[in-house]
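Engineer: missing the sequence, but the structure's below:
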Ligand code: AMP
Ligand code: MG
């Protein structure tokens, strides 16, 4: 298949809308990562997403909507907490899980009776969803198990020849995927951490939410059941920033690359930046991993930033390295 890669304008949005109407899939930018989208109500189109990514069928997709009407078109029940999240945190990099309408096919939700809903902040994403005229279900636009795409070039690396259109937008501002918040339980539950943190959610809801991931950050088992965010070469993680350890790792292998915050620049020529602080790390992590794998035989990620946002980046890097911490 020939993949068109087009700047976002009236013409390309009209083409994207036609492709969605015709049951095709389209890659598009959002503020978190690039998505691979289909009409949420078109089961055959949704199947094409799983095929293009090689995604396991038990991993559900997020319905992306442009406005509150979009939420009501896929959710069977918009709870009081959901209203608070909509008012306080949407549009933005947060996804809420609510009971689904029966019109949302099982393929979207992997057979669950719930649907994940997000309202992107990105103007480009909103323009695409509005042009399509239907909610767009989408996972990240990478091949399954690979680092998520945060530039249109990343999408092209994985999807060229597999999909008809990539909307070529800006690089993603946030850089890691949305926070996923399950609102169908007695106590709201964070299923995936992101840059919308537990404390932000608690201040908007006015009550405590549960986040099992936060219980023990050194625990390797939960969340790394599936290979996820993995570069093509062997990858390791250091979380204490011990320069002697980092130096020994780099000295042992001339092909080793370092993915780390700016403060570690200079330790090697094969340096791939995570910028400064948690926001820098979130913004750079997937691009750094995709750059590093092109010229390195081995990767060491150093992630020693502290705090809630930094922990969300940790959630990605611990998976990238398959739990191999030095
Ligand atoms: P991706 O952002 O590409 O990893 O895909 C969307 C993610 O949203 C999935 O991996 C799930 O973690 C989450 N998700 C989507 N729908 C649901 C749902 N109905 N219940 C719980 N989590 C969901
Ligand atoms: Mg993904």
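Structural biologist: Looks like it arrived, so ask away. The structure presented is a predicted model; accordingly, all values stated were derived computationally and were not measured. Residues are numbered from 1 along each chain as shown. Ligands and ions are numbered 1, 2, ... in the order given.
Engineer: what about the closest residue in space to residue 20 that isn't next to it in sequence, neighbour count?
Structural biologist: In this structure, residue 20 finds its nearest non-sequential neighbour in residue 132, 4.4 Å apart by Cβ to Cβ, 6 or more residues apart in numbering. C-betas here are computed from N, CA, C, even on glycine. By the other Cβ atoms under 10 Å criterion, the neighbourhood of residue 132 contains 24 residues.
Engineer: give the contact list for residue 132.
Structural biologist: Residues near residue 132 by Cβ atoms under 8 Å, 6 or more residues apart in numbering: 16-17, 20-21, 37, 39.
Engineer: Name the member of those that has the highest neighbour count.
Structural biologist: Busiest of the contacts of residue 132 [other Cβ under 10 Å] is residue 37, holding 35 neighbours.
Engineer: looking at the sheet around that residue, what are its partners?
Structural biologist: In this structure, residue 37 bridges to residue 26 when assessed by DSSP bridges.
Engineer: roughly how far is the helix ranked longest in the chain from the heart of the chain?
Structural biologist: The helix that spans the most residues within the chain, counting by DSSP state H, is helix 277-295. Counting by Cα atoms, centre = their mean, to the nearest Å, helix 277-295 is centred 13 Å from the centre of its parent chain.
Engineer: Parallel or antiparallel, list what pairs with the next helix or strand after it.
Structural biologist: Counting by DSSP states H and E, the next helix or strand C-terminal to helix 277-295 is strand 298-302. In the sheet, strand 298-302 lines up against strand 234-238 (parallel), strand 256-260 (parallel) (DSSP bridges).
Engineer: need the ones you listed in TSV with mean neighbour count, distance to ligand 2 and mean pLDDT, can you?
Structural biologist: Converted to TSV, the strands paired with strand 298-302 look like this (neighbours: other Cβ atoms under 10 Å; distance: least, Cβ to the ion, whole Å; pLDDT from 0 to 100):
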stretch	mean neighbour count	distance to ligand 2	mean pLDDT
strand 234-238	20	17	97
strand 256-260	26	19	98
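Engineer: okay, the ones you listed in a markdown table with distance to residue 268 next?
Structural biologist: Listed next are those as a markdown table, based on distance: least, Cβ to Cβ, whole Å:
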| stretch | distance to residue 268 |
| --- | --- |
| strand 234-238 | 14 |
| strand 256-260 | 5 |
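Engineer: Turn those strands into a markdown table, including distance to ligand 1.
Structural biologist: Supplementary listing: the strands paired with strand 298-302 in a markdown table, determined by distance: least, Cβ to the nearest ligand atom, whole Å:
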| stretch | distance to ligand 1 |
| --- | --- |
| strand 234-238 | 19 |
| strand 256-260 | 21 |
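Engineer: now for these, which one comes closest to residue 25?
Structural biologist: Each of the strands paired with strand 298-302 has some distance to residue 25 by Cβ to Cβ; the shortest is strand 234-238, at 29.2 Å.
Engineer: could you give the angle of the closest one to helix 277-295?
Structural biologist: Interaxial angle, strand 234-238 versus helix 277-295 (axes from the mean of the first three to the mean of the last three Cα atoms, to 10 degrees): 150 degrees.
Engineer: what's the offset of strand 234-238 from the middle of its chain?
Structural biologist: Relative to the centre of its chain, strand 234-238 is centred 20 Å away, using Cα atoms, centre = their mean.
Engineer: I would like the residues contacting that strand, please.
Structural biologist: 245-246, 249, 289, 297-304, 317-318, 320-322, 324-326.
Engineer: Would you mind listing which of these are buried?
Structural biologist: 246, 249, 289, 298-303, 317-318, 320-322 (16 or more other Cβ atoms under 10 Å).
Engineer: Quick check: the gap between the residue nearest to residue 20 and residue 264.
Structural biologist: 43 Å (Cβ to Cβ, to the nearest Å).
Engineer: Ok, residue 255 next?
Structural biologist: 18 Å.
Engineer: Neighbour count: those two, which is higher?
Structural biologist: Looking at residue 255 and residue 264 with other Cβ under 10 Å, you find the greater number of neighbours at residue 264, namely 20 against 11.
Engineer: So what's the residue count around the closest residue to ligand 2 within the stretch 1-150 of the chain?
Structural biologist: Here the stretch 1-150 of the chain gets closest to ligand 2 at one residue, residue 140, 3.4 Å apart by Cβ to the ion. When counting by other Cβ under 10 Å, one arrives at 27 neighbours for residue 140.
Engineer: what bits of this protein have low per-residue confidence?
Structural biologist: Scanning the chain for pLDDT under 70 picks out the ranges 213-226.
Engineer: Near ligand 1, which residues of it? Just list them.
Structural biologist: By Cβ under 6 Å from any ligand atom, the part of the chain that sits against ligand 1 consists of 59-62, 97, 109, 112, 114-116, 139-140, 177, 180, 191-192.
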